[in-house]
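In: Give the three-dimensional model of this entry:
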Amino acid sequence: MDWACGRHVEPTIARRCQQPASSEASGTVLDMTTLAGKLGYPDDARLLIVNCDGLGSSHAANVGCFEALRDGLATSARLMVPCPWSREAAGRYRGEDVGVELTLNSEWDLYRWGPLTQSPSLLDGDGGLPRSRAEVWDHADLDEVLRECRTQIERAILWGFDVSHLGSHLATLPLRPEFFDVYLELAVDFQLPLTLPDGASERSVGFPFRRLAAEEGVVSPDHVVAPRDAGARKGLERALFELAPGVTEIDARPAIDTPELRALAPDWPARTDDHHLLVADHDLGSLAERAGITLVGYRELRDLQRRGA
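Out: Below is the predicted model:
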């Protein structure tokens with residue numbers, strides 16, 4: 001076995017953890033105004049983070065995410081700390097690149113989870129977190145939001161996770177200015193990169209969240225490809241051929257096929273397909289290699305942010 005980047009790496013995909021070549025050795029001039037350049041790659045490098053969402057949401061997701069990280073193409077994952085299976089995910093953790101998916105919503109009708117802090121403004125009539133972003137935006141107290149999100153990060157650290165970055169479940173935090181302030185404050189306090197929507201979303205939400213994060217020294221991928229209900233397959237396959245220069249994150253939701261998953265997740269076929277795509281589809285790695293794509297994780301971004309580069 002070969003251990004690199006803090007986890008088991010199969011020889012066929014170990015190239016994802018290779019360090020970028022020295023600019024002196026390669027003769028390449030690095031553009032230190034771009035994220036790729038700051039990470040030590042040429043300006044036109046195409047770097048891809050393959051992230052697993054849903055860690056902690058179910059036993060099926062825990063197995064699927066860790067298999068994708070250890071035996072597949074995934075390079076990071078995000079833990080939903082309030083979910084019932086998050087503690088079991090902590091028991092499986094072996095140093096992989098895992099961030100915290102700050103969770104203020106519980107969107108499914110029959111499978112519910114609530115806030116760790118039991119904050120009244122974060123509880124709906126079912127005793128769980130609100131189902132929609134709008135409910136959070138309309139009713140949540142910002143002090144309670146900050147306390148809940150900070151508790152989720154601290155709980156993950158207490159469980160032994162070397163937290164690599166922060167995300168937001170259903171993008172509830174970055175799409176409203178007052179909630180984005182909470183998101184950014186936590187990124188600064190814990191010195192962690194943020195997952196942010198693509199820059200095109202700034203026009204629709206009406207404030208420059210990417211520029212505001214950059215001004216505080218918070219690092220984020222240049223581009224994000226989020227899956228629809230059909231799963232990540234089409235987006236990932238298309239990204240391999242259309243990936244723009246810079247750092248792109250694409251999100252998947254891998255889970256193994258179990259009665260539990262079928263009972264709780266309306267989109268279970270897409271989740272099991274994501275697992276097959278990342279773990280069993282051996283053509284995918286070859287396609288990425290032929291397309292000249294380098295797979296990276298969030299730890300590289302976190303290290304860059306903490307160096308203040």
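
In: low pLDDT regions in the stretch 1-150 of the chain?
Out: Applying pLDDT under 70 to the stretch 1-150 of the chain flags the ranges 1-32.

In: Which stretches in it count as strands?
Out: Using DSSP state E, counting those that start in this stretch, the strands found in the stretch 1-150 of the chain span residues 2-4, 7-9, 46-55, 76-79, 98-102.

In: Could you check the angle the longest one makes with strand 98-102?
Out: Strand 46-55 runs at 60 degrees relative to strand 98-102, counting by axes from the mean of the first three to the mean of the last three CA atoms, to 10 degrees.

In: Strand 46-55: partners in the sheet, and parallel or antiparallel?
Out: According to DSSP bridges, strand 46-55 forms sheet pairs with strand 76-79 (parallel), strand 246-252 (parallel), strand 293-295 (parallel).

In: what about the first one, distance to the chain center?
Out: So that's strand 76-79. Centre-to-centre, strand 76-79 and its host chain are 5 Å apart (CA atoms, centre = their mean, to the nearest Å).

In: Contacts for that strand, please.
Out: Taking contacts as CB atoms under 8 Å, 6 or more residues apart in numbering, the residues outside strand 76-79 that touch it are 49-56, 65-66, 68-69, 86, 89-90, 96-101, 156, 161, 164-165, 167, 195, 297-298. (Glycine included, C-beta is placed from N, CA and C.)

In: re earlier: quick check: which of the strands paired with strand 46-55 is nearest to residue 106?
Out: Residue 106 sits nearest to strand 76-79 of all these, at 15.4 Å, using CB to CB.

In: picking up where we left off before, using a markdown table, please lay out the strands paired with strand 46-55 together with mean neighbour count.
Out: Shown next, in a markdown table, are the strands paired with strand 46-55 (neighbours: other CB atoms under 10 Å):
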| stretch | mean neighbour count |
| --- | --- |
| strand 76-79 | 29 |
| strand 246-252 | 24 |
| strand 293-295 | 19 |
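
In: Please convert the ones you listed to CSV, extending it with distance to residue 213.
Out: Shown next, in CSV, are the strands paired with strand 46-55 (distance: least, CB to CB, whole Å):
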stretch, distance to residue 213
strand 76-79, 17
strand 246-252, 14
strand 293-295, 24
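
In: Name the stretch from those that approaches residue 223 most closely.
Out: strand 246-252 (4.2 Å).

In: residue boundaries of the helices in the stretch 201-309 of the chain?
Out: 209-215, 233-242, 259-264, 268-279, 282-290, 298-307 (DSSP state H, counting those that start in this stretch).

In: can you put the strands of the stretch 1-150 of the chain in TSV and add distance to residue 37?
Out: TSV is the format used below for the strands of the stretch 1-150 of the chain (distance: least, CB to CB, whole Å):
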stretch	distance to residue 37
strand 2-4	23
strand 7-9	26
strand 46-55	11
strand 76-79	21
strand 98-102	23
